[in-house]
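Pasted the sequence and its predicted model underneath.
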Amino acid sequence: MDDGEIMKRFGQQIRRLRLERGLSQEAFAAKCGLHRTYIGPIERGEKNITLATANKLAQALGTKLSTIFLGLEDDN
């Protein structure tokens, strides 16, 4: 899997989990402590984020970072 594909899958995973929890991008950003305009590019796989940011996303979603990463290997 190349870099672009992993970023895209990560973003899809974040979006799926956010929607399952009924959070808008704005509400999710607030829970993460991030600016609302940062969430869209993450979910579209346009941002190559740090592990620290990925951890903030996982915490705001109430899940483990490892769970998000495991989901990247699934065929979505």
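The structure has been received and is ready for your questions.

In this protein, where's the longest helix?
helix 3-20 (DSSP state H).

which other helices and strands contact that one?
Here helix 3-20 touches helix 36-43, helix 51-61, helix 65-71, going by 3 or more CB pairs under 8 Å, 6 or more residues apart in numbering; DSSP states H and E. All C-beta spots, glycine's among them, are computed from the backbone N, C-alpha and C.

so it versus helix 36-43, what angle?
120 degrees (axes from the mean of the first three to the mean of the last three CA atoms, to 10 degrees).

Please point out which parts of helix 3-20 sit buried.
By neighbour count on 16 or more other CB atoms under 10 Å, the buried set for helix 3-20 is Met7, Lys8, Arg9, Phe10, Gly11, Gln12, Gln13, Ile14, Arg15, Leu17, Arg18.

now that helix and helix 51-61, what's the angle there?
Using the same axes, to 10 degrees: helix 3-20 against helix 51-61 is 20 degrees.

And for helix 3-20, what's in contact with it?
1, 25, 28, 42-48, 54, 57, 61, 63, 68, 71-72, 76 (CB atoms under 8 Å, 6 or more residues apart in numbering).

Mind giving me the ChimeraX select for those, buried ones only?
Here is the ChimeraX command that selects the buried residues among those (16+ other CB under 10 Å):
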select :25,28,42,43,45,47,54,57,61,68,71,72
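
Count the neighbours of Ile39 for me.
Ile39 has 24 neighbours, counted by other CB atoms under 10 Å.

For the nearest residue in space to it that is not next to it in sequence, give me its contacts.
Nearest residue to Ile39, sequence neighbours excluded (CB to CB, 6 or more residues apart in numbering): Gln25, at 4.4 Å. By CB under 8 Å, 6+ apart, the contact list for Gln25 reads Arg18, Arg36, Ile39, Gly40, Glu43.

where's Gln25 relative to Lys8, distance?
According to CB to CB, to the nearest Å, Gln25 and Lys8 sit 17 Å apart.
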